[in-house]
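Asker: Just to be clear, the model below is a prediction. Sequence and coordinates:
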Amino acid sequence: MPKTALMCPPSFFDVREPKNPYMGSPIDHAKAQEQWEGLRRALQDAGLKVEIIDPVEGLDDMVFAANQVFVGHHKQIGNFIVPSHMRYASRHREVKFFVDWFRQRGYKIINLDLDGEYLEGHGDLLWHPDHSRIWAAYGLRSTRGGVHKFAAAMQELSFPVIPLQLVDEHCYHLDTCLCPLNQDAALIYPGAFSSESLQTVRGAWKRIHELTRDEALKFLGNGIVVNGRFITSRLTQNLEQILAQERLTPVVVDTSEFEKSGGSVFCMKTFIG
Ligand code: ARG
């Protein structure tokens, strides 16, 4: 179970350049700050320590701390990160600040040669709950070649990587359509995956719970599972039933301002230990 999350305050959060189909409406900055604090509190109430990385002026999406690096732990090499190559240049500028943050704390940096390829951290790369393997999506933000290079590097650490192809531009990151709930169960939006990838996902979990497209587009698949809780931006009857079946207690944190940028709770933190 994760013990620490890293977050970036939304001091410079804004919507300037549309990078996904959700982006367009103006941000209420005071409300965004309140909602971000609500999420930080919910993580702390769930027993997590929350670390902060300083926001940087001009980096309007830096609040989405899930994307800039992939974080892992290996029994021989210890804590490590794999820096992302973000598809949008404006977001790629965030990466070096995260790399510095982790370097200062002793993480090993595994740099990939991602020239011409993209890889977007925990937006598209999700640990299986027991950390035995990594689910890795490509097609909309990360590229197949980026995932391939990532898989080769992880193979050297004996972490298998399972590639998945995304096909719905509203589910442009894996964290919008696959949410592992525990070892045996996952929440998915089936329409986000190519048919072959959907089969792979279905074959890997004992229980697959499905969201409708409407639920997925409202970010119900972007929840955070921590210490028996499921932190989510909203609930539906369907989601309530699923969580009850998996013995997870829902905690609702409003993220409406961040949804105007295409992200919700999962995107706004990264687990670091
Ligand atoms: N506006 C951001 C972008 O398009 C949102 C990122 C959401 N992050 C996530 N992990 N899904 O890059």
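Answerer: Arrived safely.
Asker: Now do the helices in the stretch 151-273 of the chain.
Answerer: For the stretch 151-273 of the chain, the helices defined by DSSP state H, counting those that start in this stretch cover 195-204, 213-217, 237-245, 256-259.
Asker: can you tell which of those helices is closest to Ser25?
Answerer: Of all the helices of the stretch 151-273 of the chain, helix 256-259 sits nearest to Ser25, with 9.3 Å by Cβ to Cβ. All C-beta spots, glycine's among them, are computed from the backbone N, C-alpha and C.
Asker: how far does that closest one sit from the chain's center?
Answerer: Counting by Cα atoms, centre = their mean, to the nearest Å, helix 256-259 is centred 15 Å from the centre of its parent chain.
Asker: and if you look at stretch 58-73?
Answerer: 9 Å.
Asker: quick check: mean pLDDT across it?
Answerer: Here stretch 58-73 scores 98 as its mean pLDDT.
Asker: Out of the helices of the stretch 151-273 of the chain, which one sits most buried?
Answerer: Mean neighbour count (mean count of other Cβ atoms under 10 Å) peaks for helix 256-259 among the helices of the stretch 151-273 of the chain, with a mean of 22.
Asker: does any part of that one sit near the ligand?
Answerer: No: using Cβ under 6 Å from any ligand atom, helix 256-259 never reaches the ligand; the gap is at least 8.0 Å.
Asker: Now do that helix: which elements does it pack against?
Answerer: If you count contacts as 3 or more Cβ pairs under 8 Å, 6 or more residues apart in numbering; DSSP states H and E, helix 256-259 packs onto helix 29-45.
Asker: Quick check: neighbours of the helix or strand just after the helix it packs on in the sheet, parallel or antiparallel?
Answerer: Downstream of helix 29-45, the first helix or strand assigned by DSSP states H and E is strand 49-52. Sheet pairing for strand 49-52, assigned by DSSP bridges, gives strand 4-7 (parallel).
Asker: CA atoms only for the strand it pairs with, dumped as PDB, please.
Answerer: C-alpha atoms of strand 4-7 as PDB (Å, rounded to 0.1, in the frame of the first residue of the first chain):
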ATOM      1  CA  THR A   4       3.300   8.900   0.500                       C
ATOM      2  CA  ALA A   5       1.900  11.000  -2.400                       C
ATOM      3  CA  LEU A   6       3.500  13.900  -4.200                       C
ATOM      4  CA  MET A   7       1.300  16.800  -5.200                       C
END
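Asker: ok, back up a step: between the helices of the stretch 151-273 of the chain, which gets nearest to Ile77?
Answerer: Closest among the helices of the stretch 151-273 of the chain, using Cβ to Cβ: helix 195-204, at 26.4 Å.
Asker: mean confidence for the closest one?
Answerer: 98.
Asker: Show residues contacting that helix.
Answerer: With Cβ atoms under 8 Å, 6 or more residues apart in numbering as the test, helix 195-204 has contacts from Ile162, Pro163, Leu164, Gln165, Leu166, Leu178, Ala186, Ile188, Pro190, Phe193, Ile208.
Asker: quick one: which of the helices of the stretch 151-273 of the chain is nearest Ser158?
Answerer: Taking those one by one with Cβ to Cβ, helix 195-204 is closest: 18.4 Å.
Asker: Show me which residues of the stretch 1-150 of the chain sit near the ligand.
Answerer: The stretch 1-150 of the chain has residues Lys19, Asn20, Asp61, Phe64, Ala66, Asn67, Arg91, Gly123 near the ligand, with proximity defined as Cβ under 6 Å from any ligand atom.
Asker: Many thanks, we can stop here.
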